[in-house]
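> Got a predicted structure plus its sequence, pasted below:
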Amino acid sequence: MAERILIIEDEIKIADFLRRGLAYEGFKVEVTHDGETGLKAARDNVPDLVILDVMLPGLDGLEVARRLRAGGETPILMLTAKDTVPDKVKGFESGADDYLVKPFAFEELLARVKALLRRNKAVDQTTFRFSDLSLDTGTREVSRGGRKIDLTTKEFDLLHFFILHPRQVLSRELIYDRIWGYDFGGESNILEVYIRYLRSKLEAQNEPRLIQTVRGVGYALREE
Ligand code: CA
């Protein structure tokens, strides 16, 4: 599956240059030109990586990075102008994972992007953990506090999607799009049914709830 990159950059020329280059490399790219819209796109579409310019109109890149970091672990590559290099320090404090000083060669950016995506995966390629929950994509085993849990294929896929994006609010539309691959038009309650199945299996021994309902939006994997 193509990895998704969100670009938040107000300079149209740079944003276009990045979009074209990354799309050519096979990434699925979304571009936004200001902090508010970028932050909303990051929350709605949960990209695999964010390329974030420091100097943005309105909400600046440092603030966007801080808020992104508070809501999840998406890697952030920050772009900074040459004369604002001290910002790189602030960039890291605000949660950026790496930075690149403008002007840069596309190849350099691509190398950083690939390294960040790899690093994020290499932490643990098949085993994911959240709280006392563990999920292995190799053996397709799921357990909670050592207790084995049998899941159907769809239940497994759904839980996998949650554990890939811990503490992030995932909208119903996004979950339908990624797990069922088509639009139910908001009429279907199949997601609610699957959430109920998952909860009953995950909470069979009265364990605390891990899949929380976010009213009017969707669901999030987080502790109560
Ligand atoms: Ca800028």
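That came in fine, so what should we check first? Bear in mind the structure is a predicted one, so any value in this text is a computation, not a measurement. Numbering: from 1, shown residues only.
> residue closest to the middle of this protein?
The centroid of the chain falls nearest to residue 46 when counting by Cα atoms, centre = their mean (3.8 Å).
> Over to the residue of the chain found nearest the ion: give its phi and psi.
Of all residues in the chain, the one sitting closest to the ion is residue 55 (3.9 Å; Cβ to the ion). Using the backbone N, CA and C atoms, a C-beta is placed for each residue, glycine as well. Per-residue torsions, residue 55: phi -90, psi 100 (degrees, to the nearest 10).
> which ones are touching the closest residue to it other than its chain neighbours?
Nearest non-adjacent residue to residue 55, counting by Cβ to Cβ, 6 or more residues apart in numbering: residue 81, 6.4 Å away. Shown in contact with residue 81 (Cβ atoms under 8 Å, 6 or more residues apart in numbering): 54, 55, 101, 102.
> is it true that the second one touches residue 61?
What that stands for is residue 55. Yes - judged on Cβ atoms under 8 Å, residue 55 makes contact with residue 61 at a distance of 6.9 Å.
> With neighbour numbers in mind, choose between these two.
residue 61 (28 against 16; other Cβ atoms under 10 Å).
> Correct me if wrong: that one contacts residue 35.
Yes - applying Cβ under 8 Å, one finds residue 61 in contact with residue 35, separated by 7.0 Å.
> how about the helices of the protein, start to end?
Taking DSSP state H, the helices of the chain run over residues 12-24, 35-45, 61-70, 87-93, 106-122, 153-164, 172-175, 190-202.
> any idea which of those scores lowest on pLDDT?
Among the helices of the chain, helix 87-93 carries the lowest mean pLDDT, at a mean of 62.
> Export the helices of the chain as a markdown table, with columns for distance to residue 211.
Listed next are the helices of the chain as a markdown table, based on distance: least, Cβ to Cβ, whole Å:
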| stretch | distance to residue 211 |
| --- | --- |
| helix 12-24 | 33 |
| helix 35-45 | 18 |
| helix 61-70 | 20 |
| helix 87-93 | 32 |
| helix 106-122 | 23 |
| helix 153-164 | 7 |
| helix 172-175 | 11 |
| helix 190-202 | 6 |
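> Now distance to the ion too, for those, in JSON lines please.
Formatted as JSON lines, the helices of the chain follow (distance: least, Cβ to the ion, whole Å):
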{"stretch": "helix 12-24", "distance to the ion": "8"}
{"stretch": "helix 35-45", "distance to the ion": "10"}
{"stretch": "helix 61-70", "distance to the ion": "8"}
{"stretch": "helix 87-93", "distance to the ion": "12"}
{"stretch": "helix 106-122", "distance to the ion": "15"}
{"stretch": "helix 153-164", "distance to the ion": "30"}
{"stretch": "helix 172-175", "distance to the ion": "28"}
{"stretch": "helix 190-202", "distance to the ion": "38"}
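> Among these, which comes closest to residue 145?
Residue 145 lies closest, by Cβ to Cβ, to one member of the helices of the chain: helix 190-202, at 10.4 Å.
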